[in-house]
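**Q** my questions are about this predicted structure, shown below with the sequence.
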Amino acid sequence: MERKLSKEELAQKAIELIDEAEQLEERKEWYKSIELYQKAAEKLQQSGYLSHRIQDIYSRVTEINNYLKQQKTYDQAQSQIQKAKLDQLQDQAFTLIDGAKKDEKNRLFNDAIQKYMSAIKLLVECGWTETQLENLKTTIETLAQNIGEEKEMNIEVREQIQYQEALQDTSVSLQIDKKAEAIKAFEDKKKREEENQKKAFYLLDKAKEF
């Protein structure tokens with residue numbers, strides 16, 4: 001059977017509990033400190049000593065409880081502010097994603113990739129996990145492949161255009177050569193006719209002499 005403490009021992013125990021409660025306060029272990037303060041007040045009441053300290057103890061307990069209520073209110077307000085901020089960031093990310101999808105339809109793949117990457121950055125700030133972001137990252141990889149394929153297609157198209165232009169240039173060159181040949185042939189023919197005509201006039205003149 002536990003021995004009943006004397007009044008002096010109860011008062012001494014109360015003082016020890018108060019000291020311990022103050023140490024818990026310094027470590028911000030508020031609820032444990034309140035519990036020890038209350039036990040200390042009970043023992044002081046039982047001892048009949050230091051009655052003036054009882055009111056001090058209850059006043060301190062009230063102060064701690066008020067602080068905890070204020071802290072709770074502050075934490076709730078901060079939580080709401082943070083939630084509003086995250087909701088705003090998430091809305092911005094979704095707007096970027098909508099814009100990226102429109103760019104995809106218009107085949108503006110580079111613009112779409114930039115928007116998707118900006119959206120991912122915002123969603124990471126909102127606490128999205130890698131699993132949640134996986135679809136967006138896969139979409140970016142697909143767009144990058146499309147850009148590569150388009151570059152290859154553009155190279156082929158340019159080569160075909162250059163080939164067609166070369167053929168056209170060759171055809172034009174041949175046509176010019178043929179035209180030049182025809183002009184030369186016409187000029188040669190005309191020259192021969194003139195020479196024959198001169199020769200004929202010369203023979204007529206000679207015939208008159210005879």
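**A** Perfect, I can see it now. What you see is a predicted model, and the numbers here were worked out from it, not measured in a lab. Numbers count the residues shown, from 1 in each chain.
**Q** what sits closest to Q38 if chain neighbours are left out?
**A** Counting by CB to CB, 6 or more residues apart in numbering, V61 is the residue found nearest to Q38 once chain neighbours are left out, at 6.6 Å. Using the backbone N, CA and C atoms, a C-beta is placed for each residue, glycine as well.
**Q** just the element for that neighbour, please.
**A** Using DSSP states H and E, V61 maps to helix 51-105.
**Q** what pLDDT does I34 get?
**A** Note on I34: pLDDT of 92.
**Q** how far away is it from E63?
**A** The gap separating I34 from E63 is 10 Å, by CB to CB, to the nearest Å.
**Q** neighbour-wise, which of those two wins?
**A** I34 (19 against 10; other CB atoms under 10 Å).
**Q** tell me the secondary structure at the more buried one.
**A** With DSSP: H, G, I helix; E, B strand; the rest coil as the basis, I34 sits in helix.
**Q** contacting residues for it?
**A** I34 is in contact with A21, V61, I64, N65, counting by CB atoms under 8 Å, 6 or more residues apart in numbering.
**Q** for ChimeraX, what selects the buried ones among these?
**A** Here is the ChimeraX selection string for the buried members of those, based on 16 or more other CB atoms under 10 Å:
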select :21,61,64
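**Q** any idea how far R53 lies from Y31?
**A** Distance from R53 to Y31, by CB to CB: 21 Å.
**Q** in terms of neighbours, single out the busier of the two.
**A** For R53 and Y31, the more surrounded residue by other CB under 10 Å is R53, and the numbers stand at 16 against 10.
**Q** my guess is that one contacts L44. True?
**A** Yes - between R53 and L44 there is a contact under CB atoms under 8 Å: 6.0 Å.
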